[in-house]
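*Asks:* no sequence for this one, just the structure:
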């Protein structure tokens, strides 16, 4: 039944938006359909999105879009790209997902999340128009926000739109844009396998399907060979000239960037290439006024139509680019959060939604954890979407066993509000099935192979009543070499209270790693910001 709003307020806009979220049975059925026939479902989804865009008067000829897919770092890449282009003086629109606290975070204009007034305005414009044209058959939550973003960016007249793919690429709502200025593919790994496929080549093809005919595309040097081969083949099919983004050092840039962690430098290198490519296509702008400012006359050797990209054409980097790299911030990714009332408690938040991201998170944690008896170390963790918790936890446990990071004095696994309506037994069963399939495929040596972390829990009949209990037991099983306390909590608030208890006497420092689902990161941030004792 279609939601009936009480008024046209911002609060009712959010309530109406939430009503567009699909229930779990619909998600499961849709997932099976999309995985079994990706090409057909992709066409259907994009046809529907095209009709929605037509309904709200989206004119794609007026939009200049940078489109970014990937498994790891696509959101950070988009954020850095936006910062680079905005610092060069262009107006920007940035669409990303998921949000941490407010859905307004997903739509940013000139670096600032969309105001409540504009969010409300464009929500009801889309609502009224789509109901008139499609009755009760409204787009789901993510598609609706995609439409809102495109409408807001168009009406606000931004010069450059940066779109982050939600899931995959081929079947994603953002792929509705028929012609982009440039495409980017960040590092690929294993995520959303129930939707995208069980092998890295399958996943890579779904991501590569954001390429548009003749449009330049960039990717990163760390791409796995089997993924790179798929990207290369699809770029040839689409006649999309492909380049690997040079490293920051190849631009003679070794300075700090705003996003912490060594992995962010690769994301930044992809962002620099995307931004340079987009700027080079702005024929109405006297480019010599831009690129000559870095005392370089080689920029005009770059031709985006053949994408003969070279770092030497843009070395040294523009001063505005260096500023954009330094100033970029992206909450929830390698973020350090402190409290003035509890100066001895430090929170380190890093969303890690793939096994590869967990390794990156551990490397960052190594640089901030303390090997002294005066520091208490704790971890708050949870995962969502039926992702195998062992895949995330094993790199952490291995680092503890190898004495690369300290043992956690306490591991806290709080229930997430998003998980309260989810059938946990379904996801536990799916993890067992995926693990068994992976083991069979590994034996046949024709599937994911060494990229899958074996799941010790796969052979254990789950008896847990909740997902959090399941995660607790998995953690206990794989931390037998260095056992330490792990406990499920009924909500995020109670886990934060426990952390505050650890630091109350003030005699010891407390360092807390918050990792796993971005929904967890957002919930923790929201709780900390609500606390009067935290700033």
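*Replies:* Nice, I can see it. Since the model is a prediction, treat every value here as computed from it, not as a measurement.

*Asks:* What residues does residue 66 make contact with?
*Replies:* 78, 81, 160-163, 180-184, 274, 278 (CB atoms under 8 Å, 6 or more residues apart in numbering). The way it works is simple: take the backbone N, C-alpha and C, and place the C-beta from them, glycine included.

*Asks:* likewise residue 315?
*Replies:* 250-252, 294, 296.

*Asks:* and with 10 Å instead?
*Replies:* Residues in contact with residue 315 (CB atoms under 10 Å, 6 or more residues apart in numbering) are 246, 250-253, 294-296, 298-299.

*Asks:* So it versus residue 325, what's the distance?
*Replies:* Plainly put, residue 315 is 14 Å away from residue 325 if you go by CB to CB, to the nearest Å.

*Asks:* Kindly report the same for residue 191.
*Replies:* Residue 191 is 27 Å from residue 325, by CB to CB.

*Asks:* Which one's more surrounded, these two?
*Replies:* residue 325 (25 against 22; other CB atoms under 10 Å).

*Asks:* outside of the host helix or strand of the more buried one, which residues touch it?
*Replies:* For residue 325, the element it lies in under DSSP states H and E is helix 319-327. For helix 319-327, the external contacting residues (CB under 10 Å, 6+ apart) are 80-89, 111, 248, 251, 253, 255-259, 264-265, 268, 271-272, 275-276, 279, 290, 293-294, 314, 316-318.

*Asks:* Sitting in helices, which of the contacts of residue 66 do you find?
*Replies:* 78, 81, 274, 278 (DSSP state H).

*Asks:* Are any of the residues you listed buried, and if so which?
*Replies:* Among the ones in helices among the contacts of residue 66, those scoring as buried are 78, 81, 274, 278 (criterion: 16 or more other CB atoms under 10 Å).

*Asks:* The third one touches residue 181, doesn't it?
*Replies:* Yes: Residue 274 lies in contact with residue 181 (CB atoms under 10 Å); the separation is 9.0 Å.

*Asks:* Common neighbours of those two, please.
*Replies:* In contact with both residue 274 and residue 181: 66-67, 216, using CB under 10 Å, 6+ apart.

*Asks:* Tell me the one of those nearest residue 200?
*Replies:* Residue 200 lies nearest to residue 67 out of the shared contacts of residue 274 and residue 181, by CB to CB, at 21.1 Å.

*Asks:* hang on, isn't that closest one packed against residue 160?
*Replies:* No: counting by CB under 10 Å, residue 67 stays clear of residue 160, with 11.7 Å between them.

*Asks:* Low-confidence stretches in the stretch 101-250 of the chain?
*Replies:* Within the stretch 101-250 of the chain, no range satisfies pLDDT under 70.

*Asks:* For it, which segments count as strands?
*Replies:* 107-109, 112-113, 160-164, 182-185, 217-219, 242-244 (DSSP state E, counting those that start in this stretch).

*Asks:* and the ones you listed, which is most packed in?
*Replies:* For the strands of the stretch 101-250 of the chain, the largest average neighbour count (mean count of other CB atoms under 10 Å) is found in strand 182-185, namely a mean of 29.

*Asks:* The contacts of helix 319-327 in helices, which ones?
*Replies:* If you go by DSSP H, the contacts of helix 319-327 have 80-87, 264-265, 268, 271-272, 275-276, 279, 290 in helices.

*Asks:* Mark out where each domain of this protein begins and ends.
*Replies:* The chain breaks down by automatic domain parsing into domains covering 10-327, 335-530.

*Asks:* Can you tell me which of those domains has the worst average pLDDT?
*Replies:* Of all the domains of the chain, the minimum mean pLDDT falls on domain 335-530 (a mean of 77).

*Asks:* and that one, how far from the chain's centre?
*Replies:* 18 Å (CA atoms, centre = their mean, to the nearest Å).

*Asks:* And stretch 235-247, by the same measure?
*Replies:* How far stretch 235-247 lies from its chain's middle: 22 Å, per CA atoms, centre = their mean.

*Asks:* just stretch 325-336 next, same as before
*Replies:* On the basis of CA atoms, centre = their mean, stretch 325-336 sits 13 Å off its chain's mean C-alpha point.

*Asks:* Find the helix or strand that residue 488 is a member of.
*Replies:* Here residue 488 is assigned to strand 486-489, by DSSP H and E.

*Asks:* ok, that strand: who's next to it in the sheet?
*Replies:* strand 410-414 (parallel) (DSSP bridges).

*Asks:* Mind listing what's buried along the partner strand?
*Replies:* For strand 410-414, the neighbour count (16+ other CB under 10 Å) marks 410-414 as buried.

*Asks:* Could you do stretch 210-217 as well?
*Replies:* Going by 16+ other CB under 10 Å, stretch 210-217 has these buried residues: 210-212, 215-217.

*Asks:* out of those residues, which one sits closest to residue 494?
*Replies:* Scanning the buried residues of stretch 210-217 for proximity to residue 494, where the rule is CB to CB, the winner is residue 210, at 41.4 Å.

*Asks:* State the distance from that closest one to residue 321.
*Replies:* Counting by CB to CB, the gap from residue 210 to residue 321 is 24 Å.

*Asks:* before we move on, what about residue 83?
*Replies:* Taking CB to CB, one finds residue 83 at 9 Å from residue 321.

*Asks:* and those two? which has more neighbours close in?
*Replies:* Between residue 83 and residue 321, counted using other CB under 10 Å, the more crowded position is residue 83 (30 against 26).

*Asks:* That one and residue 89: what is the separation?
*Replies:* From residue 83 to residue 89 the distance is 13 Å (CB to CB).

*Asks:* ditto for residue 313
*Replies:* Taking CB to CB, one finds residue 313 at 20 Å from residue 89.

*Asks:* what does residue 192 give?
*Replies:* For residue 192, the distance to residue 89 - CB to CB - is 37 Å.

*Asks:* now swap in residue 352 and tell me
*Replies:* Taking CB to CB, one finds residue 352 at 35 Å from residue 89.

*Asks:* Counting neighbours, go ahead and name the busier of these two.
*Replies:* Shown here are residue 352 and residue 89; by other CB under 10 Å, residue 352 has more neighbours (25 against 10).

*Asks:* Pull the contacting residues for the more buried one.
*Replies:* 72, 333, 358-362, 364, 381, 383, 392, 395-396, 515-518, 521.

*Asks:* now, which of those lie within helices?
*Replies:* Per DSSP H, the subset of those in helices is 358-362, 364, 392, 395-396, 518, 521.
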